[in-house]
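Undergrad: Quick check, what structure comes out for this input:
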Amino acid sequence: MKIIIVTRNLFFLPRIQNAATPHGHIVRQTESLDRFNKEYDQNDTALVLIDLEEDPDLWLNIVGQILADKKRKPRLVAYGPHSDTTSQETAQEAGCDTVLTKGEFSRDLVELIASSS
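TA: The predicted structure follows:
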């Protein structure tokens, strides 16, 4: 299965890859809607991680597309700075399954990936 991370910030990417590999997941990073769609269209996405510091138009569009797809439902996890409560609330209202601060995301990353296997 695949994990797609929507971000330009590659800080968490090595940790995500290290947590995903033992569970047989592959990780794909994307920072555009076109690239997201190419990865997502392969029908094997188990988890989508959304960096709330990305352009809200991008991640809101991605969340909307995923929720409109009635055939598959990967888990949607958004994360962002603890001080950005507006983006966290927006992600929750948009339909993300889980919304975390960066600290919570870092702490819970291995469990998030394991539970998506």
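Undergrad: Enumerate every residue touching the spatially most central residue of the chain.
TA: Residue closest to the average C-alpha location in the chain (CA atoms, centre = their mean): residue 49, at 1.1 Å. Neighbouring residues of residue 49 by CB atoms under 8 Å, 6 or more residues apart in numbering: 3-7, 12, 16, 77-79. No exception for glycine: its C-beta is placed from N, CA and C like everyone else's.
Undergrad: got the phi/psi numbers for the residue lying farthest from the centre of the chain?
TA: Distance from the C-alpha centroid of the chain, by CA atoms, centre = their mean, peaks at residue 83 (19.3 Å). Main-chain torsions, residue 83, degrees, to the nearest 10: phi -80, psi -10.
Undergrad: State the distance from it to residue 58.
TA: 21 Å (CB to CB, to the nearest Å).
Undergrad: Can you list the low-confidence ranges for this structure?
TA: For the chain, no stretch has pLDDT under 70.
Undergrad: looking at the sheet around the residue lying closest to residue 74 once chain neighbours are set aside, what are its partners?
TA: Once flanking residues are discounted, residue 74 sits nearest to residue 45: 4.5 Å by CB to CB, 6 or more residues apart in numbering. According to DSSP bridges, the residues that bridge with residue 45 are residue 2.
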